[in-house]
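**Student:** predicted model follows, preceded by the sequence.
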Amino acid sequence: MESFFSLLQKNVLNRQPWTTREDLRIAIVTWIERTYHRRRRRQDSLGRLTPIEFETTMTAPATQAA
């Protein structure tokens, strides 16, 4: 968890001064959904692939079969 919070601090919280808590909340949720979970975090259930890597490997054979 410490690495998650350090990345959050570096990539979201320290980027700019936030005028409202709502703006900060949206920035945090956006960062988690768009960047952290999709690109960086490897999932054991996906064979240690990121969700993007797993999706790419699974959709390529389906496209070729069609």
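**Tutor:** Structure's in. What do you need?
**Student:** give me the below-cutoff pLDDT ranges for the chain.
**Tutor:** Within the chain, the stretches with pLDDT under 70 are 1, 37-43, 50-51, 60-66.
**Student:** now do the helices in it.
**Tutor:** Under the criterion DSSP state H, the chain contains helices at 2-8, 21-31, 51-65.
**Student:** report all helices and strands that the first one contacts.
**Tutor:** Right, the one you point to is helix 2-8. Contacts defined by 3 or more CB pairs under 8 Å, 6 or more residues apart in numbering; DSSP states H and E place helix 2-8 against no helix or strand at all. Any C-beta I mention is one placed from the backbone N, CA and C, and that applies to glycine too.
**Student:** for W31, what are its contacts?
**Tutor:** L8, N11, V12 (CB atoms under 8 Å, 6 or more residues apart in numbering).
**Student:** quick one: buried ones out of the residues you listed?
**Tutor:** Among those, those buried by neighbour count (16 or more other CB atoms under 10 Å) are L8, V12.
**Student:** which of the helices of the chain is buried the deepest?
**Tutor:** By mean neighbour count, with neighbours taken as mean count of other CB atoms under 10 Å, helix 21-31 ranks first of the helices of the chain at a mean of 13.
**Student:** tell me how far it lies from the chain's centre.
**Tutor:** Centroid separation for helix 21-31 versus its chain: 14 Å, with CA atoms, centre = their mean, to the nearest Å.
**Student:** same deal with stretch 18-34?
**Tutor:** 13 Å.
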